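J.: Predicted structure and sequence below. I'll ask about it afterward.
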Amino acid sequence: MIRYTLLDKRFLICLFLINFIGTIYGYIWYESQLSITPDIFLAFVPDSPTASLFFTIFLLFSIFNKHVPYIEALAITSLFKYGIWAVVMNILTLIMEGGLDWTGYMLMASHLGMAIQGILYAPYYKIELRHLTVAAIWVLHNDMIDYVFGMMPMYSSLTDYMNEIGYFTFWLSIISIFIAYTLTVRKNKK
């Protein structure tokens, strides 16, 4: 039943539209940070909307029964990573500040949804090791841009903890790559 629902064209179109709108909203959310970001780093700053963009592209191709394995690998690794990352950062902000406005809770729900949908579609990705290798380089390179060059998303109350957040983010990247490998490449070998 779940397979039928996930692959149903009407469901794919609805999910595509939701992710498309969410991706646009995500890039708008980053607008103030992008306006002060050096051009060389622009592609690496809006982490979550770019992850959502990868998944939106995957959905578009899925509607037409096509596969884009590099995009699929980028989608699963970055959706899980940034989905979980945003939930954790918002929980930390809640703890540090004693509360969140409604957008913080909306971001937690939408980002948890990102992580879940990336995993739910794992059985339908056509990812091989070479595709996952490119995705791994992308997410780890993104960590370098964020925490070595200081281009991470702005969370004012968490600024004092950037070293710890960078360390957490690196290991979250490793976990995301491992999950993607386990659910796709390793599973397909069996």
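T.: Yep, that arrived.
J.: If you count contacts, what does the helix ranked longest in the chain end up packed against?
T.: Ranked by residue count, the top helix of the chain under DSSP state H comes out as helix 69-97. For helix 69-97, the elements it packs on are helix 47-63, helix 102-120, helix 129-147, helix 162-180, judged by 3 or more Cβ pairs under 8 Å, 6 or more residues apart in numbering; DSSP states H and E. Placement of C-beta: from N, CA and C, glycine included.
J.: most tightly surrounded among those?
T.: Across the helices and strands packed on helix 69-97, averaging neighbours per residue (mean count of other Cβ atoms under 10 Å) puts helix 47-63 on top, at a mean of 23.
J.: From the contact counts, what lies against that helix?
T.: Right, helix 47-63 is packed against helix 9-29, helix 69-97, helix 102-120 by 3+ Cβ pairs under 8 Å, 6+ apart.
J.: same thing but 10 Å
T.: helix 9-29, helix 69-97, helix 102-120, helix 129-147 (3 or more Cβ pairs under 10 Å, 6 or more residues apart in numbering; DSSP states H and E).
J.: Mind putting those into a markdown table with distance to residue 57?
T.: Shown next, in a markdown table, are these (distance: least, Cβ to Cβ, whole Å):
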| stretch | distance to residue 57 |
| --- | --- |
| helix 9-29 | 9 |
| helix 69-97 | 5 |
| helix 102-120 | 13 |
| helix 129-147 | 13 |
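J.: Identify the residues contacting residue 176.
T.: Applying Cβ atoms under 10 Å, 6 or more residues apart in numbering to residue 176 gives the contacts 76-85, 115, 118, 135-136, 139.
J.: ok, and the closest non-adjacent residue to it?
T.: Here the nearest residue to residue 176 in space, its sequence neighbours aside, is residue 81; by Cβ to Cβ, 6 or more residues apart in numbering that works out to 4.0 Å.
J.: Against residue 48, how distant is the residue most central in space within the chain?
T.: For the chain, the residue lying nearest the average C-alpha position, counting by Cα atoms, centre = their mean, turns out to be residue 79 (2.7 Å). Residue 79 sits 9 Å away from residue 48, going by Cβ to Cβ, to the nearest Å.
J.: One more: residue 108?
T.: 12 Å.
J.: Would you mind confirming that residue 5 is in contact with residue 11?
T.: Yes - Residue 5 lies in contact with residue 11 (Cβ atoms under 10 Å); the separation is 5.6 Å.
J.: can you dump the C-alpha coordinates of stretch 98-110 into PDB?
T.: Below are the C-alpha coordinates for stretch 98-110, written out as PDB (Å, rounded to 0.1, in the frame of the first residue of the first chain):
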ATOM      1  CA  GLY A  98      13.400  29.500  26.500                       C
ATOM      2  CA  GLY A  99      11.000  29.700  23.500                       C
ATOM      3  CA  LEU A 100      10.500  29.800  19.800                       C
ATOM      4  CA  ASP A 101       8.100  31.800  17.600                       C
ATOM      5  CA  TRP A 102       5.800  29.900  15.300                       C
ATOM      6  CA  THR A 103       8.300  29.800  12.500                       C
ATOM      7  CA  GLY A 104      10.700  27.800  14.600                       C
ATOM      8  CA  TYR A 105       8.100  25.100  15.200                       C
ATOM      9  CA  MET A 106       7.200  25.300  11.500                       C
ATOM     10  CA  LEU A 107      10.800  24.800  10.600                       C
ATOM     11  CA  MET A 108      11.200  21.800  12.900                       C
ATOM     12  CA  ALA A 109       8.100  20.100  11.400                       C
ATOM     13  CA  SER A 110       9.000  20.900   7.800                       C
END
